[in-house]
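J.: any chance you can model this:
(2 chains)
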2 protein chains.
Amino acid sequence: MTDPRLEFLLQSCPHLRLKTGPGDLEHYGRDWTRRWTPAPLAIALPGNVEEVQAVVRWANTHKVALVPSGGRTGLSGGAVAANGELVLSLERMNKALAFDAVDRTLTVQAGMPLEALHNAAREHGLIYPVDFAARGSCSIGGNIATNAGGIRVIRYGNTREWIAGLKVVAANGELLELNKGLIKNSSGYDFRQLMIGSEGTLGIVVEATVKLTDPPPATNVMLLALPSFEVLMQVFSAFRERLQLEAFEFFTDLAVKHVTAHGAQYPFQEIHPHYVVTEYASADEAGEAAALAAFEHCMEQGWVLDGVISASEAQAQQLWRLREGITEAVARYKPYKNDVSVRISAMPAFLAETQALISGAYPHFEVVWFGHIGDGNLHINVLKPDDTSDAEFLAQCEQVTKLLAQVLHCYDGSISAEHGIGLVKKAYLSSTRDAAEIALMRAVKRAFDPNGLMNPGKVFDL
Amino acid sequence: MTDPRLEFLLQSCPHLRLKTGPGDLEHYGRDWTRRWTPAPLAIALPGNVEEVQAVVRWANTHKVALVPSGGRTGLSGGAVAANGELVLSLERMNKALAFDAVDRTLTVQAGMPLEALHNAAREHGLIYPVDFAARGSCSIGGNIATNAGGIRVIRYGNTREWIAGLKVVAANGELLELNKGLIKNSSGYDFRQLMIGSEGTLGIVVEATVKLTDPPPATNVMLLALPSFEVLMQVFSAFRERLQLEAFEFFTDLAVKHVTAHGAQYPFQEIHPHYVVTEYASADEAGEAAALAAFEHCMEQGWVLDGVISASEAQAQQLWRLREGITEAVARYKPYKNDVSVRISAMPAFLAETQALISGAYPHFEVVWFGHIGDGNLHINVLKPDDTSDAEFLAQCEQVTKLLAQVLHCYDGSISAEHGIGLVKKAYLSSTRDAAEIALMRAVKRAFDPNGLMNPGKVFDL
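T.: From the prediction side, this is the model:
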């Protein structure tokens, strides 16, 4: 620890835990992307809000950029530190602080993993309903930074809907207490909402008061086989009309190929082009009858070719694995990943156009699609062909992103549904947000962070 | 129309409708507050977005302040024009533009009255669930400006939760298209959310894409009589645990006195200190059995003294009138009004402390409380004593606001739950928002509106 700036940091904050070993710099300097070489100055692991404030004040004095860091499961490079930044890891600030049974809120430190938050809510007979596959390692602070979505958005909305209050250390080191757990508060600009999704560029979230709710009713899981993507919206409408949907997820035959090769069980005789796994409330016979009615209606219309309903919790998990196992099953192909969104109604046309353009430009690419139909959110995974080098594949995928960005712009869609912009999508922000909006983002960034020390270079350049 | 600036305005926007008659200036220059003398320069009534943009560009050239104007039902002076501003009324821009059955969204112009929006949604078999008494005259644009809440927040949340997209004319005349109806969009700062609740100080909302949902199940209405405010939270918990609550509203014996004097029917033999009217899902016998179980549990505990369940739609309306008729019933007393919020769990202590302080300082005041228990939102109405002059009463009420602000500060509450800050509560903003937050509000205001022409002087002074 020879950098004199770190000596100053320890002088002003004597008990601050710092890590500077090469392994730590690499570990804490990157997220799930692997495109940048981690090169942080050091890793600070504050144990409380005051230590975070001290670090931020020091950063202002010494003009050191800060990268806030949660579980680093991000896919957009939002938590990458590749330019001598100090990584401010919240991992030690991972505790539940307060539960209120009347308010139905839980106040937690920002470094708490999502799964720990789920468990803490369950201990009080309630749930925190935002959920997705990275639950074991991602932190609630990171969820807030990207307004994380996931597999239950159709029923419960995004992270944004579940945050009743935030404590944020501002760029000048002051502590902002935003909304303080209130349900109604019409007292000027809602900076809590502005912070959500701002990817650490406006301040450092140190605490969150999250809303909890009742556990869902008993559910069942149904797997459907479809002849085409076009009919998917009809199937979605038929099910949404008749059932309380908890999830409605789509994937393709290619996804099934990989996920079954990876050990998942496939319940049908034949392979079909498209699949839906849906989970729905089925607390009583009426619920199950409605599900059967939806299924039969879709069969009659020719929108569904086959289907199976879970008869047990174990079978429900098996059906879910066909969808949730995709990411892991394709990981060995070092896939290019993107998550995009359009209005639900625009999905069929958007997918058809994009698929045609990619097949035209890169006929040898294996493209695995899956996504959250009820949210207009598609995940695209392009698998690296064995005979293409990493560098060549990366260059080709950059072209795929350009192509995606162009189509998204025509469809008024978003280049990031839930992963965030970070570094990966910064060059494509203008596909989604107009120049006037980006100019206002820069102005707001300067208003919050005049020295440009809060996760600089992420989302947009100043 | 002798002001040369208006000649310039008509030159740059020849078809713009302008009103300058004294009656129009008074009518469009004020809201439901009556504390300021309207004195606008003129009233512009644009018919489309391009005309709004032309007005905003003209305002920048001639440095004329703009006051956006919807139904002017506000209670905080947010739409008051008392300083030579141009009132920009959206009342002609009141049409539905597009409905999408798959997205379940309706795109409307900002001047559409809330009730017209309700009706437009119903025509498609869906509902827009935000609702409150001013529905016939308030506009969706005004609802967005204050993040309007109302009587269904416990079930559906505030206006904020129902806005999928906004078109906003920025202070420089550029059109911002915010979020474009997307459900998931993690692409930088969510300015849609920043606009909601900003009371016209950051730009002019010209269009909104609102989310719609399924109509609620069949409901029943129950009126409960309670011995004290303290047990109210127990009653709330008992009902929330067992039922899907659509509304849970509280009021006092004083409110009942005025509302029955005004013609409402009272179903009990005796007068009780406190009342709740609650509406809950009762689609089947199980729902009604759960309601009875909640009621009986509360009776056994001594938390409830009497109760009645609606046996018909007409009776449900009668019970609701005891709550919804309060504002009209006390109007002839020219009441001082305030709407405040605290965390739900803090309500009993907050109400007891505030009531004691007001009774101590002003023992002759008749104070009518009512509110939305599920939202932590209390409305306070202080009736003007007959022997107190308007001026004297106003001065005393200013003291009441000071007192409220002090208590709210201790409870981490908000000086405005749903009415907004406007002019009325500007001096008390610091009871709710810290100096650091207010400084950031000013910085964001300057970033969005460098010439200070968007509803200046509202919420805070620059």
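J.: name the spans of chain A whose pLDDT lies under the cut-off.
T.: A:1 (pLDDT under 70).
J.: please parse it into its domains.
T.: A:4-89, A:96-211, A:219-327, A:334-434 (automatic domain parsing).
J.: next, the buried residues of stretch A:24-40.
T.: Neighbour counts over stretch A:24-40 (16 or more other C-beta atoms under 10 Å in any protein chain shown) mark A:24-25, A:28-33, A:36, A:38, A:40 as buried. For the C-beta atoms, the positions are set from N, CA and C on the backbone; glycine is no exception.
J.: distance to chain B added to the domains of chain A, as CSV?
T.: Shown next, in CSV, are the domains of chain A (distance: least, C-beta to the nearest C-beta, whole Å):
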stretch, distance to chain B
domain A:4-89, 9
domain A:96-211, 4
domain A:219-327, 6
domain A:334-434, 4
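J.: nearest to B:Val256, of these?
T.: Set against B:Val256 and scored by C-beta to C-beta, the domains of chain A come closest in domain A:96-211, at 24.3 Å.
J.: now the end-to-end length of that closest one.
T.: Start to finish, the residues bounding domain A:96-211 are 13 Å apart (C-alpha to C-alpha, to the nearest Å).
J.: my guess is A:Val304 meets A:Thr278, correct?
T.: No. Using C-beta atoms under 8 Å, A:Val304 makes no contact with A:Thr278, being 11.2 Å away.
J.: and the two? which has more neighbours close in?
T.: Between A:Val304 and A:Thr278, A:Thr278 has the larger neighbour count (other C-beta atoms under 10 Å in any protein chain shown), namely 29 against 24.
J.: need the residues touching each of A:Val304 and A:Thr278.
T.: Taking C-beta atoms under 8 Å, 6 or more residues apart in numbering or on different chains as the criterion, A:Val304 and A:Thr278 both touch A:Leu224.
J.: contacting residues for A:Ala65?
T.: With C-beta under 8 Å, 6+ apart, A:Ala65 has these contacts: A:59, A:83-86, A:452-456.
J.: mind checking the backbone torsions on it?
T.: Main-chain torsions, A:Ala65, degrees, to the nearest 10: phi -70, psi 150.
J.: show the contacting residues for the closest residue to it other than its chain neighbours.
T.: Closest residue in space to A:Ala65, ignoring its immediate chain neighbours: A:Glu85 at 4.3 Å, by C-beta to C-beta, 6 or more residues apart in numbering or on different chains. Neighbouring residues of A:Glu85 by C-beta under 8 Å, 6+ apart: A:40-41, A:64-67, A:456.
J.: pull out the buried residues from these.
T.: If we count by 16+ other C-beta under 10 Å, these have these buried: A:40-41, A:64-67, A:456.
J.: quick revisit: out of the contacts of A:Ala65, who has the most neighbours?
T.: Busiest of the contacts of A:Ala65 [other C-beta under 10 Å] is A:Asn455, holding 28 neighbours.
J.: residue contacts, the residue found closest to that one once you drop the neighbours it is linked to in the chain?
T.: Nearest non-adjacent residue to A:Asn455, counting by C-beta to C-beta, 6+ apart: A:Gly200, 4.0 Å away. By C-beta under 8 Å, 6+ apart, the contact list for A:Gly200 reads A:67-68, A:78-79, A:145, A:454-455, A:458.
J.: my guess is A:Ala81 meets A:Pro38, correct?
T.: Yes. The criterion here is C-beta under 8 Å, and A:Ala81 meets it with A:Pro38 at 6.2 Å.
J.: which neighbours do the two share?
T.: A:28-30.
J.: so which of the residues you listed belong to helices?
T.: Counting by DSSP state H, those place A:Tyr28 in helices.
J.: distance from stretch A:215-229 to the middle of the chain?
T.: Chain-centre distance of stretch A:215-229: 22 Å, with C-alpha atoms, centre = their mean, to the nearest Å.
J.: next, work out how far apart A:Glu366 and A:Glu437 are.
T.: Using C-beta to C-beta, to the nearest Å, A:Glu366 is found at 36 Å from A:Glu437.
J.: these two: which has the busier surroundings?
T.: Per other C-beta under 10 Å, whichever of A:Glu366 and A:Glu437 has more neighbours is A:Glu437, with 22 against 16.
J.: ok, and the closest non-adjacent residue to the more buried one?
T.: Using C-beta to C-beta, 6+ apart and skipping residues adjacent in sequence, the residue nearest A:Glu437 is B:Leu176, 5.8 Å away.
J.: same check, this time on A:Asp306
T.: Using C-beta to C-beta, 6+ apart, the nearest residue to A:Asp306 is A:Ala225, at 4.2 Å.
J.: mind listing the residues bridging to the one you found?
T.: Beta bridges link A:Ala225 to A:Tyr275, A:Asp306 when assigned by DSSP bridges.
J.: now do A:Glu177
T.: Counting by DSSP bridges, A:Glu177 forms beta bridges with A:Lys167.
J.: so it sits against B:Asp434, correct?
T.: Yes. At 6.7 Å, A:Glu177 counts as touching B:Asp434 under the criterion of C-beta under 8 Å.
J.: which one of those two is surrounded by more residues?
T.: Under the neighbour definition other C-beta under 10 Å, A:Glu177 and B:Asp434 were set side by side, and A:Glu177 has more, 18 against 14.
J.: check contacts around that one.
T.: A:165-167, B:412, B:434.
J.: re the thing from before, most tightly packed of the domains of chain A?
T.: Highest mean neighbour count of the domains of chain A: domain A:96-211, a mean of 23 (counted as mean count of other C-beta atoms under 10 Å in any protein chain shown).
J.: might you report the residue contacts of A:Leu212?
T.: Going by C-beta under 8 Å, 6+ apart, A:Leu212 touches A:104-106, A:121, A:124, A:126-128.
J.: just give the nearest non-adjacent residue to it, would you?
T.: By the measure of C-beta to C-beta, 6+ apart, the closest residue to A:Leu212 outside its immediate chain neighbours is A:Leu126, 3.8 Å from it.
J.: ok, the one you found - contacts?
T.: A:104, A:212-215.
J.: with secondary structure added, can I get the residues you listed in JSON lines?
T.: As requested, these are exported to JSON lines (DSSP: H, G, I helix; E, B strand; the rest coil):
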{"residue": "A:Arg104", "secondary structure": "coil"}
{"residue": "A:Leu212", "secondary structure": "coil"}
{"residue": "A:Thr213", "secondary structure": "strand"}
{"residue": "A:Asp214", "secondary structure": "coil"}
{"residue": "A:Pro215", "secondary structure": "coil"}
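J.: what's the closest of the residues you listed to B:Gly181?
T.: When those are compared for distance to B:Gly181 (C-beta to C-beta), A:Thr213 wins out at 25.4 Å.
J.: got the contact list for that closest one?
T.: A:104, A:126-127, A:129, A:156 are the contacts of A:Thr213 under C-beta under 8 Å, 6+ apart.
J.: against chain B, how distant is it?
T.: Separation of A:Thr213 from chain B (C-beta to the nearest C-beta, to the nearest Å): 11 Å.
J.: can you give me the distance of that residue to A:Ala59?
T.: Applying C-beta to C-beta to A:Thr213 and A:Ala59 gives a distance of 38 Å.
J.: do the same with A:Ala218
T.: A:Ala218 is 50 Å from A:Ala59, where distance means C-beta to C-beta.
J.: between the contacts of A:Leu212, which is closest to A:Arg446?
T.: Using C-beta to C-beta, the contacts of A:Leu212 come closest to A:Arg446 at A:Thr105, 33.2 Å.
J.: check for me that A:Ala134 belongs to a helix.
T.: Yes. Assigned with three-state DSSP, A:Ala134 falls within a helix.
J.: give me the spatial nearest neighbour of it, chain neighbours excluded.
T.: A:Thr73 (4.2 Å).
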